[in-house]
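[1] pasted the sequence and its predicted model underneath.
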Amino acid sequence: MKLILVDMNAGVCAAWQEYFKTLPEVEIINDYFENLPQYDCMVSAANSFGLMDGGVDAAITRFFGEGVMRRVQERIITEYLGEQPVGTCMLVETGNLNHPWVAHAPTMRIPMEIAHTDNVYLAMWAVLRAVHHHNKYADQKINVIACPGLGTFTGKVPYREAARQMSLAYKNYLNPPTYITWQYASERQARVRFGGDDGFRFPTA
């Protein structure tokens, strides 16, 4: 599976270059996602209610049509009773044969600042898990994921922090454990840094 990180913001792309430089099957592109020639799944850095009318979500709606937003909201109602939690992801068909899927993964409940949270990590991890599960059982595999900066615009997550959380999720996806201990859990949480009460200030390191 290949990961294309695509964003019009050069600062986001520079942060990705720093944090993803040693990770395999990653391409970083400073451009609009609409100009990408090939990908199977576009990540929607979404809100919990599927209101895709701002930022990258609005561009996704324009590119694929309003039917995508309608299908997203219908599934949020039927599967999540009207609110899709941060840390979940659902794959929604686009109707576009060249780019058949959108991965709807909320980074926030509604448009709001999420700088001092682990929401970027949770959203990226949810996308990777959803694609992994899809590829395990589906005949039509997802081979290329296109992903914008998560939480870097409305969420006001600093670019390097967003890149750090996204890259950590990808590292964990590439290196799943063979067994779980409290030491493993504690070390993993220490790398994530945020979550629970650990959300009041940025770490200095």
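    That came through fine. Numbers count the residues shown, from 1 in each chain.
[2] what's the burial count for residue 96?
    Here the number of neighbours of residue 96 (other Cβ atoms under 10 Å) works out to 14. To be clear about C-beta, it is placed using only N, CA and C from the backbone, and glycine gets the same treatment.
[3] scratch that, residue 30
    16.
[4] endpoints of stretch 142-155, how far apart?
    One end of stretch 142-155 sits 28 Å from the other (Cα to Cα, to the nearest Å).
[5] what about that stretch, average pLDDT?
    Regarding stretch 142-155, the rounded mean pLDDT is 97.
[6] any idea how far residue 71 is from the most centrally placed residue in the chain?
    Nearest to the geometric centre of the chain sits residue 124, at 3.7 Å (Cα atoms, centre = their mean). Noted for residue 124: a distance of 22 Å to residue 71, by Cβ to Cβ, to the nearest Å.
[7] which residues touch residue 42?
    With contact set as Cβ atoms under 8 Å, 6 or more residues apart in numbering, residue 42 has these partners: 33, 60, 94, 99, 101, 102, 103, 146, 147.
[8] what's opposite it in the beta bridge?
    Legend: beta-bridge partners of residue 42 under DSSP bridges are residue 102, residue 146.
[9] hang on, the residue nearest to the centre of the chain packs against residue 151?
    No. Counting by Cβ atoms under 8 Å, residue 124 stays clear of residue 151, with 9.7 Å between them.
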